[in-house]
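Peer 1: The sequence and its predicted three-dimensional model are supplied below.
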Amino acid sequence: QGNMAFAGKYEFECDENYDEFVKKIGLSSDKIELGRNCKVITEVVQNGNDFTWTQHFPGGRTMSNSFTIGKESDMETMGGKKFKATTKMENGKIVADFPNYHHTAEICGDKLVEISTVCGIVYKRTSKRIA
């Protein structure tokens, strides 16, 4: 597992605590419905410490964040809010603090495992590598 461990395409496989998490971060009910068991494709382009992290939603909507490990970047939340965050690399995990939750992403075998935490609620999303 080298430096380019994150690069690839991943398809949503399963998640845990989705409803509790999205309600806690204040997502609207229509966005909550759209996102439930959504076959999101996550595409990660990695060039050293530079990342472009794109989510392709069914129906053609995409959301993309570009960031560099250790530098402040302009980002966007699931709900479309813009904010600035400094991403870090800790023990092979990408770590970022969103405005109202803490997010980590790591590669476990051929899976992308993302964990978001707010007020003790842990939302875990697992996607399998497809490319």
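Peer 2: Thanks, I have it. Numbering: from 1, shown residues only.

Peer 1: if I look at Asn50, how far off is Asp97?
Peer 2: No, residue 50 isn't Asn; it's Asp. Asp50 sits 19 Å away from Asp97, going by CB to CB, to the nearest Å. In short, each C-beta sits where N, CA and C put it, glycine included.

Peer 1: Ok, Phe12 next?
Peer 2: Taking CB to CB, one finds Phe12 at 23 Å from Asp97.

Peer 1: Show me which of these two is the more surrounded one.
Peer 2: Phe12 (19 against 13; other CB atoms under 10 Å).

Peer 1: does that one really touch Arg125, like I thought?
Peer 2: Yes. The pair Phe12 / Arg125 is scored as a contact, 7.0 Å apart, by CB atoms under 8 Å.

Peer 1: Quickly find the element holding the residue nearest the centre of the chain.
Peer 2: What sits nearest the mean C-alpha location of the chain, by CA atoms, centre = their mean, is Glu114, with 5.9 Å. Secondary structure assignment for Glu114, by DSSP states H and E: strand 111-118.

Peer 1: what's the answer for Glu20, then?
Peer 2: Judged by DSSP H and E, Glu20 forms part of helix 18-24.

Peer 1: Which residues belonging to that helix are considered buried?
Peer 2: Neighbour counts over helix 18-24 (16 or more other CB atoms under 10 Å) mark 18, 21-22, 24 as buried.

Peer 1: Tell me the one of these nearest Glu76?
Peer 2: Val22 (15.6 Å; CB to CB).

Peer 1: Fine by me, thanks again.
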